[in-house]
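# Let's see this in three dimensions:
(chains A and B)
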Amino acid sequence: MEALNYPKFTPEMKKTHKILIPNMAPVQFRILEAVMEQAGYTCELLENCGSQVSELGLKYVHNDTCYPALLVIGQFLDALSSGKYDLDHTALIITQTGGGCRASNYIHLLRKALVKAGYPQVPVVSLNFSGLEKDSGFPMTLPFLHKLLAVVYYGDLLVALKAQTEPYELEKGAAKALQDKWLNTICGWVREDRGYSQREMKAAMPEIAKEFAAVPVHRLPKVKVGVVGEIYVKYSPLGNNDLERFLASQNCEVNLPGLMGFLQYCIYNLSETARLYGGSFLEKHASDLILKYVEGMERVLIKTLKDYGYHAPLPFRELIKLTEGIIGVGDKMGEGWLLTAEMVELVRAGYENIVCAQPFGCLPNHICGKGMINKIRELYPQANITPIDYDPSATRVNQENRIKLMLAVARERLAERAAELPELPRRTASAGEYSAPERLRNRARAMV
Amino acid sequence: MKIGLDVGSTTIKCVVLDSSDQIIYSTYERHFSHILEKSEELLRRAAEQYVPDGKAALAISGSAGMGMAEGIGIPFVQEVFATRVAANKLAPGTDVIIELGGEDAKILFLTGGMEVRMNGSCAGGTGAFIDQMATLLKMTADEMDEAARTAEKTYTIASRCGVFAKSDVQPLINQGAKAQDIAASIYQAVVNQTIAGLAQGRPIKGNVLYLGGPLTFSHCLRESFDKTLDVTGTCPENSLLFVALGAAFYSDQVFDLKDIANRLQTRGASETYRSQPPLFRSHEEYGAFQARHARAKVARAPFGPDYAAPVHIGIDSGSTTVKVAVIDQEARLLFTDYRPNLGNPVPLIQGVLQRLYEEHPALQVISVTTTGYGEDLAKNAFHADYGVVETVAHFTAARHFLPNVDFIIDIGGQDMKCFKIEDGAISNIFLNEACSSGCGSFLQTFAQALGHDVKEFAKLGLFAERPVDLGSRCTVFMNSSVKQAQKDGASIENISAGLSISVVKNAIYKVIRAASPEELGRSIVVQGGTFYNEAVLRAFEKEMGVDVIRPDIAGLMGAFGAALYGRSKAVPGHVSTLLGREALANFSQATESRVCGLCGNNCQLTVNTFADGETFISGNRCDRPVTGRADTGERNLYAYKRKLILGYKPLPGRRGKIGIPLCLNMWELLPFWHAFFTKLGFAVYHSPLSSRDLYLKGQATIPSDTACFPAKLAHGHIQFLSKLGLDAIFYPCMTYNIDEGLGDNHYNCPVVAYYPEVIAGNCPEIKQVKFIYDYVGLHRPKDFTKKIHAILRQHFPDISKSEIREAADAAYAEYAHHMSQVRREGARIMEQARAEGRRIIVLAGRPYHVDPEINHGIDTLITRFGAAVITEDSVSNRVDKFPTTVLNQWTYHSRLYAAAKYCCENRDCDMVQLVSFGCGVDAITTDETQTILQAGGKLYTELKIDEITNLGAVRIRLRSLFAALDEAAFSREET
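Prediction:
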């Protein structure tokens, strides 16, 4: 079994090898790339996409494995076969959560695929917080960890600001340009090894928000859609057939809950596990310490968004409470209880139209995604959730048709709310159960 | 004036309304995928005849209309939404709408919280499905409806997706079940699929409206719905046009229709789909290709009326065709016959044999060998000499053309078989699983849907310049890929080529999962009727990058191989036992279907009685209906495990009654919890073995139809327990399993770990009873005692800590005792098997695979082949932890790897792995288990199981395995 003797990523390789990063969350991962470069690694965030990516995945990975594995591995193999890289001096990096979901096995599937595809010399680095892969793990130091957390917050902020500005901007492309500008600026700071301290974040974040707030907008009420799901297909355009762009083309405002929530969730679960099944005092409380530390940055993000009139996510501690009566916080495989909590948060925050995205046959989402929709609807009748499966052969037309159905219901409700205003008679006027904000009037005219 | 256009997957509907919303024109037509042309034509027709000024409000709806509407700038109305708009106006007071279309199934709940449900991407189309089934029965849709009216009974047909159902129907046809009954069963399957897949727990009641083609045209389908739902639904006037009407009502933007028609025309000219390189770049290339394949010819000899030399007959009774080959002593081909199997193969074979007798009065038959799906039936009916498993028949034939063949791929009508040959024996078999079957017949169905004959259709693709890039997955997905390609303007030529390429990709990447041609071998023989299709043949060679041999009798290789097999078996002087002329002329067959009833399985038997009074029974899972004796289970550890588990009975308890669902991990933990709660003073009840009935009773509350079957069964178990008047149902969430020290961690899979959450969130039954589903860990016994006390105290405040401690001790002891009993019995069975010289099969799966509804009696099937069956957990403790190439982090799965290792170390043990469809974890374990076995020089056999009950493919696999093992043992003895 030659696959057992895979090449390790040794410290010397830091100097000799270029590390390829798969593209999961385009904004956050770009800053992550800068962090790694600052730490002395040479790396590149992969941008390659297209049908050959999933074809290579299908060719070298068991076809019943989840779609993200096919895509991530396919993207690596496509890059390696492009001729752009010196194969003896290239390494790959992949995240590993170490949970009970099969995603923890991606790294092994990748190594198997590398051997099969003829790149046995390429080492794979594991980015994880569980102490897995001791000989090929990414050296995780505290300062590095802090940087990581900081950049994720910056990324989440940029994503949230753009998402809430772009649909309403008067000049097309303004929000995107602003996001690009700040991405470059932040990456610049990172390369100069600054910008991560809480003090710096406190100064920088409002400045960023201020510029977004200055983008000229016309805030016509739009259908608000939340996207939750398996982490890769939730964020990666390659995984979700460019879902965000599709929703934007349907005239929606899209809310993708931030990546930070997932990190906090992973941290939280460490201690929750000890609390549920037993463990040392340290094990039971370590998470709280880290979470408390993270909360400092979280507060800055939330305050910034609120101060400038944007919707801000709930603090993580509040998010946990939303699972009460729906799902146990012991469900920690895959996105686990977090996914359910995010759906509830979105519904309560007015993003009651939700795409729950998962790879076809995703095991954890049978439970925390599709399994919880009935319960959520029972508690929040306005929840308009559509689960969408992603798969190499699931066609876009099928997915989009389902999403359009969800949107049709959403638009109707939006119009109903607007129609409550007496001076605007509508063809199928009916009594809505919602409050009727003034600004919805225009929308009613635009509708139907 | 308002116009609504509904472009569905197979039909197009158009309505024109006047200013008072009255229909002045409507049409419903099949579009044969000419979506743009047809839409254009309809709009022009409507404009010329009904819209005087050519201007009308227009909106488009329908699954195939989406991209088109956007492309030409017309408002699009999602079709379910359109239906609702129409229903609100035309049928007020409707509570629920059930609409079945060509490929979609929808349920709309209008009252009590509006909700819309559409079929998931996995559940195949319903209208298309009914068409496909009708084709299978050689009926039109109307004839099928007519037939179903006189049905006497229904069979169980998998209700999950069209392809599965097809695999259920085909054996019924082959076994001679009545067409009327099958037709009714198909409608019932559609009903079950709709309810299970869409209603998902929400009751369908009140005023129900039936819409769409299938429900409009089929009386029996409506009746099946009425009966199953216990409602009286109505199929309103214009039931086919609701979507179009909804679109028309919704339309408010006025367009110039001629202008729109012109836009459609322009769009039709522009193609925007993903394509791949052509099959042939030039006619020269094609010529060379043809010349090369013309060389693979079988030797033939004349077969005149006075032929008197000895012959061997091979009969391949396949799933969709019957093939017969006659050869002489030198293996020269004398005669072949190939005909579609019209439901019952027996009269067809009788006809061919009679013809042979009549046309060759001096015929001297030495041997007759049968093979294929109908092997046993044909062998029994006509008293053939031998039966041979089809894989061996094909190998025998392929070897005749290419003695050093190392890889064979056979794509037939319904199934695909590939096998690797090493050292002259079959070393590895790949059969298509239920989800990707229908390869050849899929091409055929598609050709017909597009209005072509299959041969002509395939030819169209040969010189297509830009073949469509379709997926490489199951045929149901392909359906929608094709739909999309058509929408994007792909020509029929390019679609034809794309489909051929897809069939090949499916075979290579889905079934074989090959990464490179070298891996498969250099000497490849391709066979099966589908390879007559030059486009498929070419696509295969291109994809694999090698030239292959396609014999000129590619479609007859099974029959030819069977004849060769008989030739090698028959000793000199042998005379065939085949029915003589007279017996054949008087031959008759009567078919009766009945429930066995000799045990709780209640197998649906098909009993064939022939003229000579002999009977042939099929559909049985054990030999009891044939021999009259029950299986003692003495060579079957699965049976022993069932006996142990079912031995846990409730003892009267002072604290009340507690119930445990016998599903998933409870198959192993019942001893633990039974002892635990009994000690605490509860009477512990558990649900029974799963059954079809139990499953159906729970299916309505399943929220995710792609979860594995064992998980979906849990709903039925909960439903059962809820009727017992219990004080509580206990089914804890368990992230971790017991640590057996075999892996790097000891998780449960996500579904086993958290399924109780799904139960809590979706089963209304648990609202009437205390449902205890807290998170519990048995892997830390000391902590367990503390934690479980805190949990139970909330429900039973009087339980004391010391009581819990005692109960926990008893529980751990009982669990250990249970496992040791299983292992001891496993050792005994192995010892006995070794003493008797039997093969030992480690039937490896999960604890819950012991449930006969899940394993479909595969354990007994193996013992019927003479082998002994043990479980993976009875040997996993005999192996020390060893490194694996995957993260070994699930307890149940660690046992698989350990058991595989054990098989490598023991010559007389072989492994067969049971894999539940939809098990994501097994995508990882199957590869790893195979790697371990192959490194140890062992064959790997994987059996995919679902709610499907067709054991035909399983039988082939097992028989091939035994044939290969025999061959290997034989060659070992020789050297």
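# all contacts plus neighbour counts: C-alpha atoms, from now on.
Noted.
# Quick check: beta-bridge partners of A:Val228?
Counting by DSSP bridges, A:Val228 is bridged to A:Cys356.
# give me every residue that touches it.
A:234, A:256-257, A:339, A:342-343, A:354-357 (CA atoms under 8 Å, 6 or more residues apart in numbering or on different chains).
# Distance check, B:Lys565 against B:Gly558.
Residue B:565: Tyr, not Lys. Distance, B:Tyr565 to B:Gly558, using CA to CA, to the nearest Å: 10 Å.
# separation between the nearest residue to B:Ser800 once chain neighbours are set aside and A:Ile94?
Spatial nearest neighbour of B:Ser800, chain neighbours left out: B:His789 (7.7 Å); criterion: CA to CA, 6 or more residues apart in numbering or on different chains. Computed as CA to CA, the B:His789 to A:Ile94 distance reads 41 Å.
# biggest helix in chain A by residues?
helix A:281-307 (DSSP state H).
# From the chain's centroid, how far away is it?
How far helix A:281-307 lies from its chain's middle: 19 Å, per CA atoms, centre = their mean, to the nearest Å.
# List the buried residues in it.
A:283-285, A:287-288, A:291, A:294-295, A:297-298, A:300-305 (16 or more other CA atoms under 10 Å in any protein chain shown).
# just stretch B:935-946 next, same as before
B:936, B:938-946.
# of the residues you listed, closest to chain A?
B:Gly936 (10.5 Å; CA to the nearest CA).
# Number of residues surrounding the closest residue to the closest one other than its chain neighbours?
Nearest non-adjacent residue to B:Gly936, counting by CA to CA, 6+ apart: B:Cys904, 4.8 Å away. The local packing of B:Cys904 (other CA atoms under 10 Å in any protein chain shown) involves 21 other residues.
# you'd agree B:Cys904 is up against B:Tyr940?
No - using CA atoms under 8 Å, B:Cys904 makes no contact with B:Tyr940, being 10.9 Å away.
# Mutual contacts of these two, please.
Counting by CA under 8 Å, 6+ apart, the residues touching both B:Cys904 and B:Tyr940 are B:Leu933.
# just to revisit the earlier point, just say helix, strand or coil for the residue nearest to B:Gly936.
What DSSP: H, G, I helix; E, B strand; the rest coil gives for B:Cys904 is helix.
# for the one 3 residues further on, same thing?
Under the three-state scheme (three-state DSSP), B:Arg907 adopts coil.
# and it, how many residues sit next to it?
Counted by other CA under 10 Å, the residues lying close to B:Arg907 total 12.
# Over to the one 5 residues further on?
Number of residues near B:Val912 (other CA under 10 Å) recorded here: 21.
# And it, its phi and psi?
With angles defined as degrees, to the nearest 10, B:Val912 sits at phi -130, psi 120.
# how far away is it from chain A?
19 Å (CA to the nearest CA, to the nearest Å).
# Cross-check the contact I'm expecting between that residue and B:Ile840.
No - B:Val912 lies out of contact with B:Ile840 (CA under 8 Å); the separation is 10.4 Å.
# can you list residues touching both of those two?
Common neighbours of B:Val912 and B:Ile840 (CA under 8 Å, 6+ apart) do not exist.
# Is B:Val368 located within a strand, as I assumed?
Yes - B:Val368: assigned to a strand according to three-state DSSP.
# What is the burial count for it?
For B:Val368, the count of nearby residues is 29 (other CA under 10 Å).
# Mind pulling up the pLDDT for it?
pLDDT, B:Val368: 96.
# Likewise for B:Asp104?
Per-residue pLDDT puts B:Asp104 at 76.
# residue boundaries of the strands in chain A?
With strands called from DSSP state E, chain A shows them at A:18-21, A:42-45, A:90-95, A:124-127, A:223-229, A:252-255, A:353-359, A:384-390.
# Adding distance to B:Glu285 and mean pLDDT, write those strands out as CSV.
Output for the strands of chain A, formatted as CSV (distance: least, CA to CA, whole Å; pLDDT from 0 to 100):
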stretch, distance to B:Glu285, mean pLDDT
strand A:18-21, 42, 95
strand A:42-45, 43, 94
strand A:90-95, 41, 92
strand A:124-127, 44, 89
strand A:223-229, 49, 96
strand A:252-255, 52, 96
strand A:353-359, 42, 95
strand A:384-390, 39, 91
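# interface residues of the stretch 851-975 of chain B facing chain A?
Contacts of the stretch 851-975 of chain B with chain A, taken as CA under 8 Å from any CA of the partner chain, map to B:883-887, B:889-890, B:918-921, B:923-924, B:927, B:931, B:935.
# Which among these count as buried?
Among these, the ones that count as buried by 16+ other CA under 10 Å are B:884-887, B:889-890, B:918-921, B:923-924, B:927, B:931.
# could you pull out the helices for the stretch 701-850 of chain B?
Using DSSP state H, counting those that start in this stretch, the helices of the stretch 701-850 of chain B run over B:709-722, B:750-762, B:781-795, B:801-836.
# what's the answer for the stretch 201-350 of chain A, then?
Using DSSP H, counting those that start in this stretch, helices in the stretch 201-350 of chain A cover A:231-235, A:243-249, A:259-277, A:281-307, A:316-321, A:336-348.
# any chance of those helices in TSV, plus distance to A:Arg402 and mean pLDDT?
TSV is the format used below for these (distance: least, CA to CA, whole Å; pLDDT from 0 to 100):
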stretch	distance to A:Arg402	mean pLDDT
helix A:231-235	16	94
helix A:243-249	12	94
helix A:259-277	26	93
helix A:281-307	32	93
helix A:316-321	28	96
helix A:336-348	18	97
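# So which of those helices is nearest chain B?
helix A:259-277 (5.5 Å).
# Packing partners of that closest one?
Where contact means 3 or more CA pairs under 8 Å, 6 or more residues apart in numbering or on different chains; DSSP states H and E, helix A:259-277 is packed against helix A:142-165, helix A:281-307, helix A:336-348, helix B:781-795.
# between those helices, which one is nearest to B:Arg550?
With CA to CA, the closest approach to B:Arg550 among these belongs to helix A:336-348: 51.6 Å.
# Throw the helices and strands packed on helix A:259-277 into a markdown table and include distance to B:Phe730, thanks.
Putting the helices and strands packed on helix A:259-277 into a markdown table (distance: least, CA to CA, whole Å) gives the following:
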| stretch | distance to B:Phe730 |
| --- | --- |
| helix A:142-165 | 41 |
| helix A:281-307 | 27 |
| helix A:336-348 | 21 |
| helix B:781-795 | 10 |
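# And the ones you listed: which comes nearest B:Leu402?
Comparing those by CA to CA, helix A:336-348 comes nearest, at 54.7 Å.
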